[in-house]
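Visitor: just coords:
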DNA sequence: GTCTATATTGTGATAGAC
DNA sequence: GTCTATCACAATATAGAC
């Protein structure tokens, strides 16, 4: 027996819209395709969300939240810097493996309309202040080199996200279309990324 | 006085098509917008390229070539590994700063149609074999740790590309919309990335 | 080769019955 | 709330004059 949420039409529409919008983008998505995916009629989409624009907005907000890592949540208190990197790489890579099309969807749409980010930032509120402070502290303590914390944070996110969004290039070009090799590569990275970042900045 | 190439209509159309397609994507681009951008009539587009599809294909091929770094060209012979990393980060970052929308365009379209890569790979032919061999050699010589060369290469490209494609998120979230700070950040990275990669894998 | 005018199709949105 | 039928417009593509 399905519960109310997973059974009602609005929920079905949203799930279908996520699937289609995230795969095809705002312009590429067709209302008909979303309706078919949801197993309902096209008109019902308009009954529930009035316009494609509004339906898209709901999906985009969801995707943005899923893409922006909740760094401060992932990083619990009282951990070493290396452990923090390791936790982050693990948790974020997991999220990305489960939702591989979200990053590209968010980046593509935000490039088309850079202004939409401002509303979302207020709602989501995600400045990675904590991690930046932690890195700055470790520099003062002499544990790591005097690097720019912003560079380190961007490096971290770059290393997690890029291999996911470049999958259709990496898979044939680097792994000869062997999905298992690619998958193992991603699994290895969970630990590799943390080691990699830490080795690059630690005092020898 | 313009030379033949830069003056003829076909060239004007292609330049306009690059601008519009790369910014808006295949589905987002409008033939009218391309025509306007080229300073000609909409019908002429069809006269020269018959369909939107064919015009898109021309643009995509160009963009793909521009995006895939010609690693083996950038890496001249007789250089140290650190110098090679440094050269690559410099050259590739320059290309990306000059063409910031190309990576996202290529990745977005290739995700929508992953099969299109096979034709292009044949034409462009870009397996980073040379760099992989060089890294493997350095491992044997004991200069660097026994890492997976593929991980190192992907790291290199990730660190170059991601900060460019995530600009609309990074700029407001990390640099408070200060374009100069972002620009300096990218400039710093040219050397930072090479150091970063090399430090992370060198034997201490 | 280049234009204007028009055909054709695709697609978001609405009206109205049930 | 859900459906069928239809509208209205946007966008690709073509016809035909010059």
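Guide: Looks like it came in fine. Just so it is clear, the structure is predicted and the values come from calculations on it, not from any experiment.
Visitor: which ones are touching the residue lying closest to residue A:25 once chain neighbours are set aside?
Guide: For residue A:25, the nearest residue in space outside its immediate sequence neighbours is residue A:108; the separation is 5.8 Å by Cβ to Cβ, 6 or more residues apart in numbering or on different chains. For glycine as for every other residue, the C-beta is placed from the backbone atoms N, C-alpha and C. Contact analysis of residue A:108 by Cβ atoms under 8 Å, 6 or more residues apart in numbering or on different chains lists A:25, B:25, B:104, B:108.
Visitor: For the buried ones among those residues, write the corresponding PyMOL selection.
Guide: Per 16 or more other Cβ atoms under 10 Å in any protein chain shown, the buried members of the contacts of residue A:108 correspond to this PyMOL selection:
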select buried, (chain A and resi 25) or (chain B and resi 25+104+108)
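Visitor: Mark which of the contacts of residue A:108 are part of helices, please.
Guide: A:25, B:25, B:104, B:108 (DSSP state H).
Visitor: Reformat the residues you listed as TSV; add pLDDT and distance to residue B:37.
Guide: Shown next, in TSV, are those (pLDDT from 0 to 100; distance: Cβ to Cβ, whole Å):
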residue	pLDDT	distance to residue B:37
A:25	98	21
B:25	98	15
B:104	98	19
B:108	98	20
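Visitor: which one of those sits closest to DNA strand C?
Guide: Closest approach between the ones in helices among the contacts of residue A:108 and DNA strand C, by Cβ to the nearest atom of the strand: residue A:25, at 11.1 Å.
Visitor: what sits against the closest one?
Guide: Taking Cβ under 8 Å, 6+ apart, one finds A:105, A:108-109, B:25, B:27-28, B:108, B:112 in contact with residue A:25.
Visitor: Check these one by one and keep those near DNA strand D.
Guide: Residues of the contacts of residue A:25 in contact with DNA strand D (Cβ under 7 Å from any atom of the strand): none.
Visitor: Could I get the contacting residues of residue A:62?
Guide: A:14, A:18 are the contacts of residue A:62 under Cβ under 8 Å, 6+ apart.
Visitor: ok now the one helix or strand it maps to, how far from the chain's centre?
Guide: In this structure, residue A:62 sits in helix A:52-67 according to DSSP states H and E. Here helix A:52-67 is found 13 Å from its chain centre; the criterion is Cα atoms, centre = their mean, to the nearest Å.
Visitor: Now it: buried residues?
Guide: For helix A:52-67, by 16+ other Cβ under 10 Å, it's A:52, A:55-56, A:58-60, A:62-64, A:66-67.
Visitor: May I ask which two of the ones in helices among the contacts of residue A:108 are separated the most?
Guide: With distances taken as Cβ to Cβ, the most widely separated pair in those is A:25 and B:104, at 11.2 Å.
Visitor: Find the nearest non-adjacent residue to the most centrally placed residue in chain A, please.
Guide: Residue closest to the average C-alpha location in chain A (Cα atoms, centre = their mean): residue A:67, at 2.5 Å. Excluding the flanking residues, the one nearest residue A:67 by Cβ to Cβ, 6+ apart is residue A:106, at 4.6 Å.
Visitor: ok, that neighbour - contacts?
Guide: With Cβ under 8 Å, 6+ apart, residue A:106 has these contacts: A:60, A:63-64, A:67, B:169.
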